[in-house]
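Trainee: just need the structure, nothing else, for what follows:
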Amino acid sequence: MLARQQPIGDRKKKIRVAAFIRCGELCKTCSRNRCEFEPTEDMPVQIPCIECDESGLDNDRKPCEACDGTGFFKVARCPKEYVGHRVSVASNGLSYLDKGILPDPGGLNDQSAWTVATWDALQSDCQRIEEERRRLDG
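Mentor: Residues are numbered from 1 along each chain as shown. Reported below is the predicted structural model:
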């Protein structure tokens, strides 16, 4: 049986940013090696917080530590750079999985728990982004 591992710490944020990239909400006009609109400390990209679901509050109704109670966390550098190599590779692997191409011989059971958890989180975040897009488009 395949063990499920939950993404922890900054990994959840990186996966959320990767989902925004994957769904075309970030980095649409960027090339592989050039960030068209590189966020800065003065003008960061604000990403909906995964920990509090944008409410700004944790389960105890206290300010969410992950976003300092704002409902968003800030990315003040190139989102692709922020995501990092490991999450980027997992995101690219999910693209192949969507096409029915499994990245390792033997299929899903040969994938690491981290990879499967990352795919699950990416798919979940992408679905939420698509649902929000449909809701806004009416």
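Trainee: now the chain, which segments are flagged as low pLDDT?
Mentor: Judged by pLDDT under 70, the chain has its weakly predicted residues at 1-9, 101-111.
Trainee: middle-most residue in it, spatially?
Mentor: Of all residues in the chain, the one closest to the mean position by Cα atoms, centre = their mean is Arg16, 2.1 Å from it.
Trainee: this structure: helices as residue ranges?
Mentor: Assignment of helices within the chain using DSSP state H yields the ranges 10-22, 79-98, 113-137.
Trainee: quick check: buried residues in the last one?
Mentor: Neighbour-count burial for helix 113-137 flags Thr115, Val116, Ala117, Thr118, Trp119, Asp120, Ala121, Leu122, Asp125, Cys126, Arg128, Ile129 (criterion: 16 or more other Cβ atoms under 10 Å). The C-beta positions use only the backbone N, C-alpha and C, and glycine is treated the same way.
Trainee: ditto for stretch 35-53
Mentor: In stretch 35-53, residues buried by neighbour count (16+ other Cβ under 10 Å) are Pro39, Val45, Ile47, Pro48, Cys49, Ile50, Glu51, Cys52.
Trainee: picking that back up, and the helices of the chain: which comes nearest Cys30?
Mentor: For the helices of the chain, distance to Cys30 was read as Cβ to Cβ. The smallest value, 7.1 Å, belongs to helix 79-98.
Trainee: now the angle from that closest one to helix 10-22?
Mentor: Computed by axes from the mean of the first three to the mean of the last three Cα atoms, to 10 degrees, the angle separating helix 79-98 from helix 10-22 equals 70 degrees.
Trainee: now for helix 79-98, which elements pack on it?
Mentor: Counting by 3 or more Cβ pairs under 8 Å, 6 or more residues apart in numbering; DSSP states H and E, the packing neighbours recorded for helix 79-98 are helix 10-22, helix 113-137.
Trainee: send me that helix as PDB with only the CA atoms.
Mentor: Listed next in PDB are the C-alpha coordinates belonging to helix 79-98 (Å, rounded to 0.1, in the frame of the first residue of the first chain):
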ATOM      1  CA  PRO A  79       8.100  32.600  -8.800                       C
ATOM      2  CA  LYS A  80       9.900  29.800 -10.800                       C
ATOM      3  CA  GLU A  81      13.000  30.400  -8.700                       C
ATOM      4  CA  TYR A  82      11.000  30.500  -5.500                       C
ATOM      5  CA  VAL A  83       9.400  27.100  -6.400                       C
ATOM      6  CA  GLY A  84      12.800  25.500  -6.800                       C
ATOM      7  CA  HIS A  85      14.000  22.500  -8.800                       C
ATOM      8  CA  ARG A  86      12.400  19.700  -6.900                       C
ATOM      9  CA  VAL A  87       8.800  21.000  -6.900                       C
ATOM     10  CA  SER A  88       9.300  22.200 -10.500                       C
ATOM     11  CA  VAL A  89      10.300  18.600 -11.600                       C
ATOM     12  CA  ALA A  90       7.300  17.200  -9.800                       C
ATOM     13  CA  SER A  91       5.000  19.700 -11.500                       C
ATOM     14  CA  ASN A  92       6.500  18.800 -14.900                       C
ATOM     15  CA  GLY A  93       6.000  15.100 -14.000                       C
ATOM     16  CA  LEU A  94       2.400  15.800 -13.300                       C
ATOM     17  CA  SER A  95       2.000  17.100 -16.800                       C
ATOM     18  CA  TYR A  96       3.200  13.800 -18.100                       C
ATOM     19  CA  LEU A  97       0.900  11.900 -15.700                       C
ATOM     20  CA  ASP A  98      -2.000  13.900 -17.100                       C
END
